[in-house]
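Chemist: missing the sequence, but the structure's below:
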């Protein structure tokens, strides 16, 4: 996961783009969707990354959200 994290952190996303992604992740992780729902949503994307269990998609999305939090922490310094 550290390779993904460093790639994401060096991605050239504008503040507006990061806010858009953050809002989408917040919606997905709001509790409105089950692990199965999130897994289904993920499978409908063009992403090549696949998960072995329904909980894995949820965990990955939570990790993505924490990466965006860490980007904010770094930019605030």
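Modeler: Yep, that arrived. Just so you know, these numbers come straight off a predicted model, no measurement behind them.

Chemist: tell me what the top helix by length along the chain is packed against?
Modeler: With DSSP state H setting the assignment, residue counts place helix 54-76 as the longest helix in the chain. Under the contact criterion of 3 or more CB pairs under 8 Å, 6 or more residues apart in numbering; DSSP states H and E, the helices and strands touching helix 54-76 comprise helix 2-9, helix 15-28, helix 35-43. Where C-beta positions appear, they are placed from N, C-alpha and C, glycine not excepted.

Chemist: could you redo the ones you listed as CSV and give each row mean neighbour count?
Modeler: Supplementary listing: these in CSV, determined by neighbours: other CB atoms under 10 Å:
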stretch, mean neighbour count
helix 2-9, 11
helix 15-28, 13
helix 35-43, 15
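
Chemist: who wins for proximity to residue 64 among those helices?
Modeler: Using CB to CB as the measure, helix 15-28 is the one of the helices and strands packed on helix 54-76 that comes nearest residue 64, at 6.0 Å.

Chemist: what sits up against the closest one?
Modeler: 13, 38, 41, 61, 64, 65, 68, 71 (CB atoms under 8 Å, 6 or more residues apart in numbering).

Chemist: and the angle for it with helix 54-76?
Modeler: Note on geometry: by axes from the mean of the first three to the mean of the last three CA atoms, to 10 degrees, helix 15-28 and helix 54-76 are set 150 degrees apart in direction.

Chemist: relative to helix 35-43, how tilted is helix 15-28?
Modeler: Put simply, helix 15-28 runs at 140 degrees to helix 35-43, going by the same axes, to 10 degrees.

Chemist: having no further points to raise, I will conclude here.
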